[in-house]
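*Asks:* Just to be clear, the model below is a prediction. Sequence and coordinates:
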Amino acid sequence: MTFDRRAFHRMLLGLLVASGAACARRDAPESSHRELYLLDDAGRQERLLAGARQEGVVVIYTSLNTQDSGPLTRAFEERFGVKTTLWRSSSDRVVQRAVAEARAGRLTYDVVETNGPEMEACFREGLLERFYSPHFTDLAPAAFPEHRHYVADRFNFFTIAYNTDLVPPDEVPDSYDDLLHPRFTGRLGLEAGDVDWFGAMVKHMGEEKGLSYFTRLAEMRPQIRSGHTLMGQVVASGEIPIAANIYNHNAERLAAQGAPIRWKALDPTFGRPNAIGLTRRAPHPHAALLFADFLLSREGQTILRDRNRVPSSRAVQSSLNDFPFETIDPLISLDEDEKWSTMWSTLFLKGQAVPRDAA
């Protein structure tokens, strides 16, 4: 049985609203960790390290794959002598487990690290506490939601990607309108599940103009594929010459392997934030904050960059985030999903259900 992320979002939001918890839990009394989490003095590092070594472990729930999270946790353990316990799953299952355990009163984890909408759901459930890190000054402003109960440590940016053998340099689009050129009819790819990108784009353009644009894009008879990794592969192989909504780090990984694929950021470029949050009732609060500091530090962000992930820190140079960008409002997924999913399905999926997100 597969887990429907969007159905879970709607279910979770319904429970919160129905029970009045959406407001009550966000306005709950400060946790016992709040003073520690907001610590900002000369002895901060020594206090965190001493406390973390006494706690001995930090428990992390994440959707970051083990090939990329493994180097992070190993480097953290080697530097600080504090063990990590990692539970990795898809973003929907991360939030499902985090909420279920908290509601059952048996919260065993310290850190949640996953996609923005799921982090927003955890915030609404009252699981997260604000925290401070000295590395905040290095992060892009878009890394912080207004309430600041989590912070982006990496991004997934939506860019175009094209096969360099099939799309000559003078035909590479400079704008989204260029994707509507007749030469791309039937030769353009779209990832099937990117409803939040669609909603963000339409809102940016203005709903009337935006829907008109995507109606014209649908008339281009785009080829639909499910999965950003797959989309990169089919562009690299030449099966589809150009894609409109691919994660640029997926294209970059293939290009680094010698594949004839390049990506390009168009205006506007939207990104999904992937964020880290600390729980209000973390069993190991010192270790939790120490791990957050490490992940957001130049060392942690460099490890992400070297794995062809997109760091949120401006102190770590990367071509993958060196352009103007905006982040997708998680409310599009949590509060407006039915609206945008229906429109997307009508335009591109022949009325079929939107598939769950794939890698």
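*Replies:* Happy to help now that I have it.
*Asks:* Residue ranges in the stretch 1-150 of the chain under the pLDDT threshold?
*Replies:* Applying pLDDT under 70 to the stretch 1-150 of the chain flags the ranges 1-30.
*Asks:* Would you state the strands of this structure in chain order?
*Replies:* Under the criterion DSSP state E, the chain contains strands at 57-62, 83-88, 111-115, 128-129, 151-163, 188-191, 223-225, 242-247, 261-264, 270-279, 310-311, 326-327.
*Asks:* Describe which strands the first one pairs with in its sheet and in which direction.
*Replies:* For strand 57-62, the paired strands and their directions (DSSP bridges) are strand 83-88 (parallel), strand 111-115 (parallel).
*Asks:* The last one too?
*Replies:* Next to strand 326-327 in the sheet, as set by DSSP bridges, lie strand 270-279 (parallel).
*Asks:* re earlier: most tightly packed of the strands paired with strand 57-62?
*Replies:* Most buried of the strands paired with strand 57-62, by mean neighbour count (mean count of other C-beta atoms under 10 Å): strand 111-115, with a mean of 26. Quick note: C-beta positions are derived from backbone N, CA and C, even for glycine.
*Asks:* coming back round to it: of all the strands paired with strand 57-62, which one comes closest to residue 167?
*Replies:* When the strands paired with strand 57-62 are compared by C-beta to C-beta, strand 111-115 sits nearest residue 167, at 30.4 Å.
*Asks:* Using PDB, write out every CA atom in that closest one.
*Replies:* Extracted in PDB, the C-alpha atoms of strand 111-115 (Å, rounded to 0.1, in the frame of the first residue of the first chain):
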ATOM      1  CA  VAL A 111      15.600  16.500  15.100                       C
ATOM      2  CA  VAL A 112      13.400  16.500  12.000                       C
ATOM      3  CA  GLU A 113      14.900  17.300   8.600                       C
ATOM      4  CA  THR A 114      12.700  17.100   5.500                       C
ATOM      5  CA  ASN A 115      10.700  19.000   2.900                       C
END
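*Asks:* about what we covered before: quick one: the strands paired with strand 57-62 as a markdown table, columns for distance to residue 349 too.
*Replies:* Output for the strands paired with strand 57-62, formatted as a markdown table (distance: least, C-beta to C-beta, whole Å):
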| stretch | distance to residue 349 |
| --- | --- |
| strand 83-88 | 29 |
| strand 111-115 | 22 |
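*Asks:* Which of the strands of the chain sits closest to residue 144?
*Replies:* Distances from residue 144 to each of the strands of the chain were compared by C-beta to C-beta, and the smallest falls on strand 151-163, at 5.7 Å.
*Asks:* What is that closest one packed up against?
*Replies:* Contacts defined by 3 or more C-beta pairs under 8 Å, 6 or more residues apart in numbering; DSSP states H and E place strand 151-163 against helix 228-237, strand 242-247, helix 248-256, strand 261-264, strand 270-279, helix 285-296, helix 298-306, strand 310-311.
*Asks:* Residues contacting the fourth one, please?
*Replies:* Just to be clear, that refers to strand 261-264. By C-beta atoms under 8 Å, 6 or more residues apart in numbering, the residues outside strand 261-264 that reach it are 159-164, 172-173, 232, 235-236, 246, 248, 251-252, 254-255.
*Asks:* among those residues, which ones are buried?
*Replies:* Among the contacts of strand 261-264, those scoring as buried are 159-164, 173, 232, 235-236, 246, 248, 251-252, 254-255 (criterion: 16 or more other C-beta atoms under 10 Å).
*Asks:* Greatest separation within those residues: which pair is it?
*Replies:* Pairwise distances across the buried ones among the contacts of strand 261-264 (C-beta to C-beta) peak at 19.2 Å, for the pair 173 and 254.
*Asks:* Name the residue closest to the centre of this protein, please.
*Replies:* Nearest to the mean C-alpha position of the chain, by C-alpha atoms, centre = their mean, lies residue 274 at 3.1 Å.
*Asks:* For it, list the residues it contacts.
*Replies:* With contacts defined as C-beta under 8 Å, 6+ apart, residue 274 is in contact with 63, 64, 113, 114, 115, 116, 152, 153, 154, 155, 156.
*Asks:* And the residues you listed, which is closest to residue 288?
*Replies:* Closest to residue 288, out of all of the contacts of residue 274 and judged by C-beta to C-beta, is residue 113, at 11.0 Å.
*Asks:* thought that closest one was touching residue 60?
*Replies:* Yes - under the criterion of C-beta atoms under 8 Å, residue 113 makes contact with residue 60 at 6.4 Å.
*Asks:* mind checking which of the strands of the chain is nearest residue 299?
*Replies:* Residue 299 lies closest, by C-beta to C-beta, to one member of these: strand 310-311, at 11.2 Å.
*Asks:* Give me the contact list for the closest one.
*Replies:* By C-beta under 8 Å, 6+ apart, the surrounding residues in contact with strand 310-311 are 153-157, 248-249, 271, 301-302, 304-305, 318, 320-321.
*Asks:* okay, now the domains of the protein?
*Replies:* According to automatic domain parsing, the chain comprises the domains 5-155+272-327, 158-270+330-348.
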